[in-house]
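Enquirer: The sequence isn't on hand, but the structure is:
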């Protein structure tokens, strides 16, 4: 039973070139992509299609004309100026994904890191989308399934590792610890960090958190994304790259 | 003042493509390449040329016929079978680099990770070679120089992050903490790890340490490489890629 963790976007390419046919991946982008996806599904969104680029999002919209276009560039909602005319419906704040907006809808989402991480896992046997919001549900599922090869994929920020994703990976590794007899040093690092650094206090030192807290409209996203186990379902990406609960 | 840390070999390529002309890099390969290099220089080796491949090592030997060929593949000394006839002189155990063997000599070194990391820093303004053996000397030098951009490069093992390199980067980050007002989350992670996990105990959990401890000939390398501040000099890679004290 083998447990690994990736910290940085530089590892997406390695992942994408790896045979993941016998591997389950769990993708974290705590601030904020995977937290927003879990919130959307909790509030009744039917399905979410993560895509790597704005162009891909627009192409998917042609296929799903009733879908909502979602995501961010530089943390902000994607504007008509960035797409050549189409204003995106929603940004990347989980607080936007309320039931009145998303219930019954297909969402098409493109963010700088989370959706790239998800696409890197496209060939995995199973891919789970996780956040602090559904951490225990994800851990319970994996404690029952115990996939032989498990990779915890931290989305990071731009090209860098993100502290909040590392902490979440460490929390999940800790919850699964007795199930895995082999793990890489990255997983050890994440778990040691989780076990020694109080999550809420530590995340406030993360660059992403500091940036969001400095923006009045987005500051409340940080505490929103730290609501541990507010949801009790798992989210999976199916063979067509669609995320469902 | 900007401080960053890279954890994994996947980031070497990013580094190699980055403009490092205003950046100082510090390379760690605790178990064992940089510990062996510091030991060799302490014992009078004149200079060390890190090269990426066995072929490059053999080509360099043609240029420096008196040089010693050093390094490893899979942790073991490079054999005639791997080179097409030339037996390497030394492996990657720091305990081989005694004064009677290396004093006054040029060493040509190729290892799976450490020398690749060093080559990725070839375009940096300055590159330091560091280990626990010369950590305080390296920190003292950097506290005086305070390079505006500093990157702590963890060599890792094969394609993975290595716990012992992360701990060393954390130790150096901690020693320099008050000098840098901006740092990435990877540096925060390394420093938090260093401040919460006792180095010797924690390193025994590292995959590299466990592997070395399982090999009777190499087990003593682990405690050798943990001799904190046994040397009081810095090592730098010059513009020709040669490492000197």
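Expert: Great, that's in hand. Just so it is clear, the structure is predicted and the values come from calculations on it, not from any experiment. Residues are numbered from 1 along each chain as shown, chains lettered A, B, ... in the order given.

Enquirer: got the buried residues for stretch A:90-108?
Expert: By neighbour count with 16 or more other CB atoms under 10 Å in any protein chain shown, stretch A:90-108 contains the buried residues A:90-94, A:96-97, A:101-102, A:105-108. The C-beta positions use only the backbone N, C-alpha and C, and glycine is treated the same way.

Enquirer: From residue B:153, how far off is the residue in chain A that chain B sits nearest to?
Expert: As assessed by CB to the nearest CB, chain B sits closest to residue A:196 within chain A, at 3.2 Å. Taking CB to CB, to the nearest Å as the measure, residue A:196 falls 24 Å from residue B:153.

Enquirer: quick one on the thing from earlier: close enough to count as contact, the residue of chain A closest to chain B and residue B:194?
Expert: No. The criterion here is CB atoms under 8 Å, and residue A:196 misses it with residue B:194 at 10.4 Å.

Enquirer: Could you check which of those two has the larger neighbour count?
Expert: residue B:194 (21 against 14; other CB atoms under 10 Å in any protein chain shown).

Enquirer: can you pull the pLDDT of that one?
Expert: With respect to pLDDT, residue B:194 scores 97.

Enquirer: Quick one: residues contacting it.
Expert: Residues near residue B:194 by CB atoms under 8 Å, 6 or more residues apart in numbering or on different chains: B:167, B:170-171, B:173-174.

Enquirer: Dump the residues you listed into a markdown table; add neighbour count, pLDDT and secondary structure as well.
Expert: A markdown table is the format used below for the contacts of residue B:194 (neighbours: other CB atoms under 10 Å in any protein chain shown; pLDDT from 0 to 100; DSSP: H, G, I helix; E, B strand; the rest coil):
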| residue | neighbour count | pLDDT | secondary structure |
| --- | --- | --- | --- |
| B:167 | 27 | 98 | helix |
| B:170 | 26 | 98 | helix |
| B:171 | 25 | 98 | helix |
| B:173 | 28 | 98 | helix |
| B:174 | 15 | 98 | helix |
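
Enquirer: Nearest residue to the residue nearest in space to the middle of chain A in space, please, no chain neighbours.
Expert: Here the mean C-alpha position of chain A is nearest to the C-alpha of residue A:34 (CA atoms, centre = their mean), at a distance of 2.9 Å. Nearest non-adjacent residue to residue A:34, counting by CB to CB, 6 or more residues apart in numbering or on different chains: residue A:131, 4.6 Å away.

Enquirer: Pretty sure that neighbour sits against residue A:167.
Expert: No. Assessed by CB under 8 Å, residue A:131 is found out of contact with residue A:167, at 11.7 Å.

Enquirer: and for the two, which residues touch both?
Expert: residue A:30.

Enquirer: sorry, back to before: turn the contacts of residue B:194 into a markdown table, columns for distance to chain A.
Expert: What follows is those, written out as a markdown table (distance: CB to the nearest CB, whole Å):
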| residue | distance to chain A |
| --- | --- |
| B:167 | 9 |
| B:170 | 10 |
| B:171 | 14 |
| B:173 | 13 |
| B:174 | 14 |
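
Enquirer: Pop out the phi and psi values for residue A:48.
Expert: phi -130, psi 130 (degrees, to the nearest 10).

Enquirer: Ignore what I typed, I meant residue A:230.
Expert: phi -70, psi -20.

Enquirer: who touches it in this structure?
Expert: A:133-134.

Enquirer: and what of residue A:203?
Expert: A:30, A:163-164, A:167, A:209, A:222, A:226.

Enquirer: Can you name every helix or strand that the one helix or strand residue A:107 maps to contacts?
Expert: Assigned by DSSP states H and E, residue A:107 belongs to strand A:106-110. On a contact count with 3 or more CB pairs under 8 Å, 6 or more residues apart in numbering or on different chains; DSSP states H and E, strand A:106-110 meets helix A:33-42, strand A:47-50, helix A:54-63, strand A:68-71.

Enquirer: ok, and what's touching that strand?
Expert: Strand A:106-110 is contacted by residues A:33, A:36-37, A:40, A:45-54, A:56-57, A:60-61, A:64, A:66-71, A:78, A:90, A:115 when judged by CB under 8 Å, 6+ apart.

Enquirer: what do you get for stretch A:46-58?
Expert: A:37, A:40-41, A:60, A:64, A:67, A:69-71, A:73, A:78, A:82-83, A:86, A:88, A:104-111, A:114-116, A:118-119, A:237, A:241-244.

Enquirer: buried ones in that stretch?
Expert: So, applying 16+ other CB under 10 Å, buried residues of stretch A:46-58: A:46-51, A:54, A:56-58.

Enquirer: Near chain B, which residues of chain A? Just list them.
Expert: A:4, A:6-8, A:10-11, A:13-14, A:157, A:159-163, A:166, A:184-186, A:188-189, A:192-193, A:196-197, A:202, A:205-208 (CB under 8 Å from any CB of the partner chain).

Enquirer: Throw together a ChimeraX command that grabs the buried residues out of these.
Expert: The buried residues among the residues of chain A next to chain B can be selected in ChimeraX (16+ other CB under 10 Å) with this line:
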select /A:4,6,7,8,10,11,157,160,161,162,163,166,184,185,186,188,189,192,193,197,202,205,206,207,208
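
Enquirer: Let's see which of the residues of chain A next to chain B end up in strands.
Expert: Members of those lying in strands (criterion: DSSP state E): A:4, A:6.

Enquirer: Could you spell out the sheet neighbours of the helix or strand residue A:151 falls within, each with its direction?
Expert: Using DSSP H and E, residue A:151 sits within strand A:149-154. With DSSP bridges as the test, strand A:149-154 is paired with strand A:2-6 (parallel), strand A:23-28 (parallel).

Enquirer: beta partners for the closest residue to residue A:237 other than its chain neighbours?
Expert: Nearest residue to residue A:237, sequence neighbours excluded (CB to CB, 6+ apart): residue A:127, at 4.1 Å. Beta bridges link residue A:127 to residue A:25, residue A:237 when assigned by DSSP bridges.

Enquirer: So what's the residue count around residue A:127?
Expert: 27.
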